[in-house]
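1. Sequence and predicted structure, then a few things I'm wondering about:
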Amino acid sequence: MSVFDLRIQEIHEQLRRKQLSVSELVDESFKRIKEVDSQLNAFITLDEEGARAKAEELDNLSNTDETGLLFGLPVGIKDNISTRGVKTTCASKILANFVPVYNATVVDKLNEAQAVMVGKMNMDEFAMGSSNENSAFRAVRNPWNTDHVPGGSSGGSAASVAAGEVYFALGSDTGGSIRQPAAFCGVVGLKPTYGRVSRFGLVAYASSLDQIGPITKNVEDAAYVLQVIAGYDQHDSTSANVDVPDYPSALTGDVSGLKIAVPKEYIGEGIHPEVREKVLEALKVLESLGATWEEVSLPHSDYVIPAYYIIASSEASSNLARYDGVRYGVRADQADNLLEMYKETRSQGFGAEVKRRIMLGTYSLSSGYYDAYYKKAQQVRTLIKQDFEQLFEKYDVIIGPTTPTTAWKIGEKIDDPLTMYVEDILTCPVNLAGVPAISVPCGFDQKGLPVGLQIIGKAFDEATILRVAHAYEQHTDHHKARPQL
Ligand SMILES: NC(=O)C[C@H](N)C(=O)O
């Protein structure tokens with residue numbers, strides 16, 4: 001058993017009693033990374049020197065009674081989150097050597113809570129992808145079977161937590177990038193409500209959808225990490241000035257009287273039978289604890305993928321205009337004039353999927369097509385949001401699978417973008433509606449690959465989805481299984 005299998009409380013108890021030191025926790029991280037990361041490629045950058053110095057500093061603190069909520073815990077940060085003095089590449093050639101001069105707000109908050117960053121996690125380039133094959137620095141592999149994808153775009157974050165390389169990780173989720181890799185790697189992933197966590201310092205992909213959130217091995221840890229990173233930030237104009245409740249104390253274990261909606265579109269056609277079976281088993285567990293569920297409908301589900309991919313690509317085409325070879329990162333050296341330099345830099349610097357999205361987005365925003373595509377997609381988004389609002393008038397949570405299938409094989413879908421996009425059908429609606437959702441492990445398919453249960457909540461009601469996820473977790477063992485590497 002790894003020391004990372006202990007709960008935060010248990011680790012902190014051992015640290016207080018001096019049975020364990022922060023340096024030993026950091027050693028555990030680097031030992032494990034050296035053992036297994038050549039099979040996984042979960043990291044882009046390691047900060048061994050920084051992590052060891054921080055560990056020593058924390059070990060030398062004289063007053064350990066009043067330590068931060070995440071004291072001493074090794075964390076991996078997705079490489080689209082800005083870290084002062086440590087490379088932040090977005091897994092792109094265009095930012096291969098980019099070293100930020102400031103920290104994202106979430107990084108400052110983790111520092112205040114005394115977590116220890118060990119490195120930056122691999123991802124799909126600019127968070128565009130569902131398999132982590134779109135990284136300019138090697139594809140990430142699934143720790144449960146290295147022939148399979150770990151999911152994306154926060155694949156490095158999820159794989160590293162599952163493999164015990166870090167205690168927890170941060171990811172970002174635009175259309176499922178936290179929950180889908182968490183489901184594929186058998187760990188817990190939470191996408192907070194849009195506006196709950198500051199996006200200051202998160203490299204923008206689709207600004208009306210992006211959120212940062214935790215990837216952990218259990219629900220309690222997710223509650224602690226959310227506690228630290230949530231809250232209003234004056235540096236992010238989209239961050240919400242809404243009170244942050246005490247998440248760990250919301251984990252009461254009580255779900256009696258809870259009303260669950262299960263959309264028929266989430267357990268019907270297109271959902272793999274083994275995935276459906278695990279979700280129905282999970283609903284039985286919740287029923288046995290006093291919750292009730294009813295089949296409902298999210299009638300605009302068929303329009304989720306086109307609406308999401310038009311909106312996300314449109315915002316991406318605008319956000320990525322800033323990579324021109326002048327302001328950031330790499331610049332093409334063989335160009336005779338400014339326009340050619342822009343073109344060459346962008347042609348060489350971006351990978352195929354990023355280029356595809358920039359072209360799709362530019363097309364949908366162009367005059368003549370704007371009304372037919374972008375505006376229409378925004379109108380559809382409103383309908384999707386209303387579907388959720390209507391269900392939440394009657395139900396406390398919506399439950400279904402996180403993904404239609406378990407992790408596919410590396411290479412299987414990479415040449416067929418549409419098939420890859422469709423895999424996001426159960427996660428994207430949550431981002432379009434702006435509401436929070438968590439993915440928790442709910443079993444394994446016959447190939448031994450993890451299945452994720454998705455619990456969706458009302459806006460700013462992360463406390464309820466954490467409570468339900470935690471109650472479920474207390475009565476199952478799926479989250480305790482570890483991959484053999
Ligand atoms: N960024 C995400 O949430 C992943 C999603 N599959 C996308 O490519 O947009």
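-> The structure has been received and is ready for your questions. Numbers count the residues shown, from 1 in each chain.

2. Quick check: residues of the stretch 51-200 of the chain near the ligand?
-> Ala127, Met128, Gly129, Ser130, Ser153, Asp173, Thr174, Gly175, Gly176, Ser177 (CB under 6 Å from any ligand atom). Placement of C-beta: from N, CA and C, glycine included.

3. Identify the residues contacting Met111.
-> Quick fix: residue 111 reads Asn, not Met. Neighbour list for Asn111: Asn103 [criterion: CB atoms under 8 Å, 6 or more residues apart in numbering].

4. any idea how far stretch 62-82 is from the chain center?
-> 18 Å (CA atoms, centre = their mean, to the nearest Å).

5. Pull out the buried residues from that stretch.
-> Using 16 or more other CB atoms under 10 Å as the test for burial, stretch 62-82 gives 67-82.

6. of all these, which two lie farthest apart?
-> Using CB to CB, the pair of the buried residues of stretch 62-82 lying farthest apart is Thr67 and Asn80, separated by 28.9 Å.

7. ok but Ile212 is inside a strand, no?
-> Yes. According to DSSP: H, G, I helix; E, B strand; the rest coil, the state of Ile212 is that of a strand.

8. My guess is it contacts Thr174. True?
-> No. At 10.6 Å, Ile212 does not count as touching Thr174 under the criterion of CB atoms under 8 Å.

9. what about Glu344, how many neighbours?
-> 17 (other CB atoms under 10 Å).

10. Tell me which residues touch it, please.
-> Contacts of Glu344 (CB under 8 Å, 6+ apart): Gly325, Ala332, Gln334, Ala335.

11. and if you look at Arg52?
-> Contact partners of Arg52, counting by CB under 8 Å, 6+ apart, are Ser23, Val26.

12. ok, now the one 3 residues further on?
-> Residues touching Ala55, when contacts are defined by CB under 8 Å, 6+ apart, comprise Ser21, Val22, Ser23, Leu25, Val26, Gly72, Val116.

13. mind redoing it with 7 Å?
-> Residues in contact with Ala55 (CB atoms under 7 Å, 6 or more residues apart in numbering) are Val22, Ser23, Val26, Val116.

14. Report how many residues lie close to the first one.
-> Val22 has 27 neighbouring residues, counting by other CB under 10 Å.

15. ok, it touching Asn60?
-> No. With contacts counted by CB atoms under 7 Å, Val22 stays clear of Asn60, the gap being 9.6 Å.

16. I'd guessed Leu360 sits against Ala312; true?
-> No. Counting by CB under 7 Å, Leu360 does not reach Ala312; the two are 9.2 Å apart.

17. Neighbour count: those two, which is higher?
-> In this view Leu360 and Ala312 are compared by other CB under 10 Å, and Ala312 has more residues nearby, 29 against 19.

18. my guess is that one meets Ser208, correct?
-> No. In this structure Ala312 lies outside contact range of Ser208 using CB under 7 Å: 8.9 Å.

19. Of all the residues in the stretch 151-300 of the chain, which one is nearest the ligand?
-> Ser177 (3.1 Å; CB to the nearest ligand atom).

20. Which secondary structure state is assigned to that residue?
-> Looking at Ser177 with three-state DSSP, the answer is coil.

21. so what's it up against?
-> Ala127, Gly152, Ser153, Ser154, Gly171.

22. and if you look at His300?
-> Val380, Leu383, Ile384, Asp387.

23. Go again with 6 Å.
-> Residues in contact with His300 (CB atoms under 6 Å, 6 or more residues apart in numbering) are Leu383, Ile384, Asp387.

24. swap in Tyr363?
-> Per CB under 6 Å, 6+ apart, neighbours of Tyr363: none.

25. How about Ala91?
-> Under the criterion of CB under 6 Å, 6+ apart, the neighbours of Ala91 are Asp79, Met123, Glu125, Ser135, Ala136, Phe137.

26. Excluding residues flanking it in the chain, which one is nearest it?
-> Ser135 (4.0 Å; CB to CB, 6 or more residues apart in numbering).

27. ok and the residue in the stretch 351-485 of the chain nearest the ligand?
-> For the stretch 351-485 of the chain, CB to the nearest ligand atom, closest residue to the ligand: Asp424, 4.7 Å.

28. what about the strands in the stretch 51-200 of the chain?
-> Taking DSSP state E, counting those that start in this stretch, the strands of the stretch 51-200 of the chain run over residues 74-78, 116-121, 168-173, 188-191.

29. can these go into TSV with extra columns for mean pLDDT?
-> Putting the strands of the stretch 51-200 of the chain into TSV (pLDDT from 0 to 100) gives the following:
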stretch	mean pLDDT
strand 74-78	98
strand 116-121	98
strand 168-173	98
strand 188-191	98
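
30. winner for burial among these?
-> strand 188-191 (a mean of 33; mean count of other CB atoms under 10 Å).

31. Derive a PyMOL selection command for the buried subset of the contacts of Ser177.
-> In PyMOL, selecting the buried portion of the contacts of Ser177, with burial taken from 16+ other CB under 10 Å, looks like this:
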select buried, resi 127+152+153+154+171
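
32. Widest-spaced pair of the contacts of Ser177?
-> So, the contacts of Ser177 by CB to CB: farthest apart are Gly152 and Gly171, at 9.9 Å.

33. where does this structure have low pLDDT?
-> Applying pLDDT under 70 to the chain flags the ranges 64-65.

34. Mind telling me which residue of the stretch 251-400 of the chain is nearest the ligand?
-> Closest approach between the stretch 251-400 of the chain and the ligand, counting by CB to the nearest ligand atom: Ala312, at 5.1 Å.
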